[in-house]
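Chemist: This is a predicted model, with the sequence first.
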Amino acid sequence: MGSNAELAEMFARMADVMQLVGENAFKAIAFQRVSRVLEETGIDVVAASKSGELPPIEGIGESSRRIIVEYAQTGKSRDYEQLIASVPAGVLEMLRIPGLGPKTVALLWRERGIESVDALEQAIGQGKLAGLKGVGAKKIASMLDGIRLLKAGMQRRGFVVVAPLVEEMLERLRSDARVGQAEAAGSFRRRRETVGDVDLLCWVHSSEDAQAVIESFCTQNGVEKVNASGRTKGSILVDKGFQIDLRIVPKENFGAALLYFTGSKEHNVKLRGLAQEQGMTLNEWGLYRVDQYNKAEKKPGEPPTIKPVAGGDEKSVYSALKLGYIEPELREDRGEIEAGIAQRLPRLVTREDIRGELHCHTTASDGRASIEQMAEAAKAMGYEYIAITDHSVSSVIANGLAPERLKAHIAAIRKAQDRVKGIHILAGSEVDILIDGSLDYEDALLAELDVVIASPHVSLKQDTAKATDRLLRAIESRYVHIIGHPTGRMINQREGLPLDMPKVIAAAAQAKTALEINAGWPRWDLNDLNARAAANAGVMISINTDAHAIESLGDIVMGLWVARRAWLTPTQIVNCMTYKQLMAWLKVKR
């Protein structure tokens, strides 16, 4: 149970609580030191404790060692639980306020009875901190600023929201002549749909450059607060409290560090276990022979004084562990290491595999480009085909097409094909799935379309039974080829339909109806887990942008990130078919 990181956090929290309750200062300092050692050691102390082989580690005394062993074997610590129970939960939450340390929190709690972040904000507003020793106007202003930053940064932010900021920082680092290579790690590199914070890694050409690069990072425009600025690490808050850390590591250890900080924790734990089985140890500095590593000189924050078996790049580490290279999107401990051992890692879909777009809109409904403009843009992307799928009549707000307008629109698409050469233009529609599961057009009209996408747009708070039956009815229609954004969710905005997904997937497999990964932000619907389950059940997946403008066709890359996290290969994706294959597939249901 657990990991070094979780143990480090536990000891850091215990040190904070000790300061809050006024326990021995030296013991609090000792626990802070244990936390740092746990973050920096290359030993998997949890695994070693379970096996009874935890070696002596400088900086970890007998009492701390006892806590570690208990936690490793039971998943909890009585010392930690007793200590945490001595302080109200809200007081502990106050420790998360940027710039507010344990001594000030203890003062607020003891002297003014403040026991939560909200209570502190209210007390400040009511002037209740007046006369509190050491808490003047400047300190109060800092508290308010910290509360604002905390509340703004509490939620994980959407990947697409964070991406421009991260890319800008990477570009700045890569343009610095002192920097040899810079990469983003963490959940951002794994392309998770939401991100809590971001880790950046780089190596520099000279050790003398490290401090200057960190200083430049911490003083760049947009920095709201500097959490830390050291010789090889900087931590800043930007964009209303979003945290970004930069670590500088030696070039020869860069691959191991990138692997370690990319995570996930669960993936790393499995890798370390595999290394141990092969007589090696893996940490952020590299992959080492255990016998050599144990004899090597080690200093906190520095690599050991021996050459690693591998560590300069990620591929060398995986190769030394007898694994194929595991793409970052797969590193979630969902069977990727077992697949690597068996040499069965999937050949994930790439942008080059995508041959067309099957869900986009034009000025006929709520799009901003004509049929010809969308087709020419798709052609410029190297696509073989594009389906024009404007909204159906019930989408009034999206200028949905009444039956007669749709007929005229189909004719306009056919004429556009005569004018635009080099790409196949298909006539389609994004048809609303109504509340009872019926479709927005009669079957006879649907039959005139090359492609039909049926999507839920309204009444997205139905109960599971009604929502599922609604989609099943659309899935079973012989005229529906693809279910668009099946749940209707919006990341960090709404949950969408609470579908019985196994039942939906089974029905789609039976009816040979594809399910869509909608690449448009903030949909990303299906999500990676549901897309993988569907593909494993034999359901074809269609990746589409739902583009309403030419530039949105480029959003296909975001759908690919979801697909790659879902382990999808080109053979499982409709858009990877050639035009001839696509037309044959479309005719299967008819």
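Modeler: Happy to help now that I have it.
Chemist: just for this structure, where's the confidence low?
Modeler: 1-2, 40, 42, 152-155 (pLDDT under 70).
Chemist: mind giving me the domain ranges of it?
Modeler: 4-153, 157-248, 253-341, 351-588 (automatic domain parsing).
Chemist: Tabulate those domains (CSV), appending mean neighbour count.
Modeler: C-beta: built from backbone N, CA, C; applies to glycine. Converted to CSV, these look like this (neighbours: other Cβ atoms under 10 Å):
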stretch, mean neighbour count
domain 4-153, 17
domain 157-248, 18
domain 253-341, 19
domain 351-588, 20
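Chemist: does residue 372 really touch residue 419, like I thought?
Modeler: Yes - shown here, residue 372 and residue 419 form a contact pair, counting by Cβ atoms under 8 Å, at 6.2 Å.
Chemist: What ranges does the stretch 1-150 of the chain have for its helices?
Modeler: For the stretch 1-150 of the chain, the helices defined by DSSP state H, counting those that start in this stretch occupy 4-21, 25-40, 45-50, 62-74, 78-85, 89-94, 102-112, 117-125, 137-153.
Chemist: who does the third one touch, helix- and strand-wise?
Modeler: So the one you mean is helix 45-50. helix 4-21, helix 62-74, helix 265-277 (3 or more Cβ pairs under 8 Å, 6 or more residues apart in numbering; DSSP states H and E).
Chemist: List the contacts of it.
Modeler: The contact list for helix 45-50, computed with Cβ atoms under 8 Å, 6 or more residues apart in numbering, reads 1-4, 7, 38, 54-55, 57, 68-69, 71-73, 269, 272-273, 276.
Chemist: Skip ahead from the host helix or strand of residue 173 and say which helix or strand is next.
Modeler: Taking DSSP states H and E as the definition, residue 173 sits inside helix 159-174. Scanning forward in sequence from helix 159-174 by DSSP H and E, the next helix or strand is strand 179-184.
Chemist: Just list the residues touching residue 263, thanks.
Modeler: Contacts of residue 263 by Cβ under 8 Å, 6+ apart are 185, 186, 187, 190, 331.
Chemist: Now, those that are in helices?
Modeler: The members of the contacts of residue 263 that map onto helices under DSSP state H are 186, 187.
Chemist: and which of the contacts of residue 263 is nearest residue 313?
Modeler: residue 185 (14.0 Å; Cβ to Cβ).
Chemist: Ramachandran angles for the residue most central in space within the chain?
Modeler: Central residue of the chain (Cα atoms, centre = their mean): residue 192, 1.7 Å from the mean position. Main-chain dihedrals, residue 192, degrees, to the nearest 10: phi -70, psi 150.
Chemist: what's the spacing between the residue lying closest to residue 363 once chain neighbours are set aside and residue 410?
Modeler: Once flanking residues are discounted, residue 363 sits nearest to residue 370: 5.7 Å by Cβ to Cβ, 6 or more residues apart in numbering. Distance, residue 370 to residue 410, by Cβ to Cβ, to the nearest Å: 15 Å.
Chemist: ok, now residue 14?
Modeler: 69 Å.
Chemist: In contact with residue 556, which residues?
Modeler: Per Cβ under 8 Å, 6+ apart, neighbours of residue 556: 351, 354, 357, 519, 543, 544, 545.
Chemist: Now with 7 Å, please.
Modeler: 354, 519, 543, 545 (Cβ atoms under 7 Å, 6 or more residues apart in numbering).
Chemist: Among these, which lie within helices?
Modeler: Those of the contacts of residue 556 lying in helices (DSSP H): none at all.
Chemist: Relative to residue 28, which of those is nearest.
Modeler: Looking across the contacts of residue 556 and measuring by Cβ to Cβ, the closest to residue 28 is residue 519, at 49.4 Å.
Chemist: Leaving out sequence neighbours, find the closest residue to the closest one.
Modeler: residue 559 (2.8 Å).
Chemist: Now name the helix or strand holding the one you found.
Modeler: helix 556-565.
Chemist: tell me the angle of that helix relative to helix 159-174?
Modeler: Angle of helix 556-565 versus helix 159-174, following axes from the mean of the first three to the mean of the last three Cα atoms, to 10 degrees, is 100 degrees.
Chemist: What's the first helix or strand after helix 556-565?
Modeler: Next helix or strand after helix 556-565 toward the C-terminus (DSSP H and E): helix 579-588.
Chemist: Residues contacting that following helix, please?
Modeler: With Cβ under 7 Å, 6+ apart, helix 579-588 has contacts from 384, 385, 424, 450, 451, 481, 512, 574, 577.
Chemist: One more: stretch 494-503?
Modeler: 456, 460, 462, 464, 467-468, 471, 486-489, 525, 530, 533.
Chemist: Tabulate those (CSV), appending secondary structure and distance to residue 207.
Modeler: Compiled in CSV, the contacts of stretch 494-503 are given as follows (DSSP: H, G, I helix; E, B strand; the rest coil; distance: Cβ to Cβ, whole Å):
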residue, secondary structure, distance to residue 207
456, coil, 57
460, coil, 56
462, coil, 61
464, helix, 59
467, helix, 59
468, helix, 60
471, helix, 59
486, coil, 53
487, coil, 51
488, coil, 53
489, coil, 48
525, strand, 47
530, helix, 48
533, helix, 49
